[in-house]
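Quick one, fold the following:
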Amino acid sequence: MKKLLLGVILLGSPAMAVPVVPNFTQGSMTSHTETTSKVTETINTIDYTTGWQYTITGTNVKHDGLSISPGTTPESKVIEGVNSTWTNLNVNNKPNWTIVNPGEAFQFTETYNGPGLSQQTIIQRTTEIQSVTDTTSIFSQ
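Alright, predicted model coming up:
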């Protein structure tokens with residue numbers, strides 16, 4: 001019976017709160033954060049030409065007068081209701097070149113670039129980024 005009476009006395013007692021008062025007047029807090037990121041990227045650039053280019057340069061040379069340009073009767077194509085023309089460079093009809101003054105120095109360069117892929121550049125790079133942040137907070141009461 002004594003045990004029961006003690007339990008009743010403890011349960012019936014009101015709890016008293018004690019106020020909490022900070023015992024400081026000022027202070028500071030310092031934070032240090034380091035972040036490292038690694039970015040890997042691929043840059044792929046593709047260049048196309050949509051036409052043709054035929055170039056001849058030289059010194060002490062001449063051609064026989066033939067033209068490599070397309071004829072005046074191109075094929076006619078209809079694309080989605082739009083009339084358009086399509087012409088190609090006739091590489092089988094290119095001029096013949098001869099040296100003007102035999103025995104003297106000469107230079108001759110002939111280039112042909114047709115439509116299609118003209119250049120592709122691929123750059124692969126990895127960039128590492130490091131960030132450091134130091135923060136100081138000062139507070140007072």
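
So what sits opposite the residue nearest the centre of the chain in the bridge?
What sits nearest the mean C-alpha location of the chain, by C-alpha atoms, centre = their mean, is Ile43, with 4.4 Å. On the basis of DSSP bridges, Ile43 is bridged to Ile123.

So it sits against Gln120, correct?
No - between Ile43 and Gln120 there is no contact under C-beta atoms under 8 Å: 11.3 Å. Backbone N, C-alpha and C define where each C-beta goes, glycine included.

Relative to Trp97, how far out is Trp52?
As judged by C-beta to C-beta, to the nearest Å, Trp52 and Trp97 stand 19 Å apart.

repeat for His63
As judged by C-beta to C-beta, His63 and Trp97 stand 5 Å apart.

Same check on Val39?
Shown here: Val39 relative to Trp97, a distance of 54 Å by C-beta to C-beta.

More neighbours: the two, which one.
Per other C-beta atoms under 10 Å, whichever of Val39 and Trp97 has more neighbours is Trp97, with 14 against 9.

Could you pull up the residues touching that one?
Shown in contact with Trp97 (C-beta atoms under 8 Å, 6 or more residues apart in numbering): 56, 58, 61-64, 108, 110.
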